[in-house]
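**Q** I would like the atomic coordinates for the input below:
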Amino acid sequence: MPAVNKPSKHLFKYAPLNFVRKAGKGHGGANVIADLNVTPMVDMLTMLVIFLLLTFSANGEILTISKDIQMPKAFNAVELDRNPIIAISRAQILFETQLVMDASTITNDAFPDFVLPELKKRLDTFREMKKLDPRNSGKPFDPNIIIQSDNSVPFVVIKMIMMTCARSDYTSMNFAVLRGDRKEAGLGEAPGGAPAAP
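**A** Next up, the predicted model:
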């Protein structure tokens, strides 16, 4: 008949090493450390980027309207393409959101040749940079430019801006306007309800 002995000290309970003691209390449990599978997340992000690229419209918000610029409204208007933008307020002139000069200093006496040197310098530099761009290699220069002006800017300022653009080979000038109905555009109606000529 086999002898039954008194239980002795257990190794894991009295081992001086903490990691051995913890391993002994695990009773063979599974390791809880697991790797996070990020492949589905990367796939979802890729699909989101492709969706945004496909739905992007170049004719959408191509310019931001500054709070100190109140653009005129027009009944007859077409969508603008993305081109360099000159923003004119009563206080300043910006080219591609960068300050060029103070608009309040522009007078016929100050610029008798109707050319604004600071603006012309910016336009010439921008034109040369576009010509050096490899994406424009072999393409003719695009003379389009957008003028975004406040309603209250004096005509002498607009005239000098246009003359400066022409001197820098930007001969196709487009004015940014807000689309509105005939009343908002100041056209009104002719007698009998017929629309008045602009």
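**Q** quick one: mean pLDDT over stretch 177-197.
**A** Averaged across stretch 177-197, pLDDT comes to 57.
**Q** now swap in stretch 91-106 and tell me
**A** For stretch 91-106, mean pLDDT is 90.
**Q** who touches that stretch?
**A** Residues outside stretch 91-106 that contact it (Cβ atoms under 8 Å, 6 or more residues apart in numbering) are 64, 66, 68, 84-90, 116, 118-119, 122-123, 126, 153, 156-157, 160-161. C-beta here means a position set from N, CA and C on the backbone, and glycine is covered the same way.
**Q** any buried residues in that stretch, and which?
**A** For stretch 91-106, a neighbour-count test (16 or more other Cβ atoms under 10 Å) marks 93-95, 100-101, 103, 106 as buried.
**Q** tell me the SS of residue 145?
**A** Secondary structure assignment for residue 145 (DSSP: H, G, I helix; E, B strand; the rest coil): strand.
**Q** about what we covered before: now list the buried members of the contacts of stretch 91-106.
**A** So, of those, 66, 84-89, 116, 119, 122-123, 126, 153, 157, 160-161 end up buried under the neighbour-count rule (16+ other Cβ under 10 Å).
**Q** which of these fall within strands?
**A** In this view, the buried ones among the contacts of stretch 91-106 that belong to strands under DSSP state E are 85-88.
**Q** hmm, back to that, please identify which of the buried ones among the contacts of stretch 91-106 is nearest to residue 142.
**A** residue 84 (9.2 Å; Cβ to Cβ).
**Q** the closest one: what's it in contact with?
**A** Neighbours of residue 84 in contact, by Cβ under 8 Å, 6+ apart: 95-96, 123, 126, 145-146, 170.
**Q** which secondary structure element contains the residue nearest to residue 118 when sequence neighbours are not counted?
**A** Leaving aside its sequence neighbours, residue 118 sits nearest to residue 101 (Cβ to Cβ, 6 or more residues apart in numbering; 4.7 Å). Applying DSSP states H and E as the criterion places residue 101 in strand 98-102.
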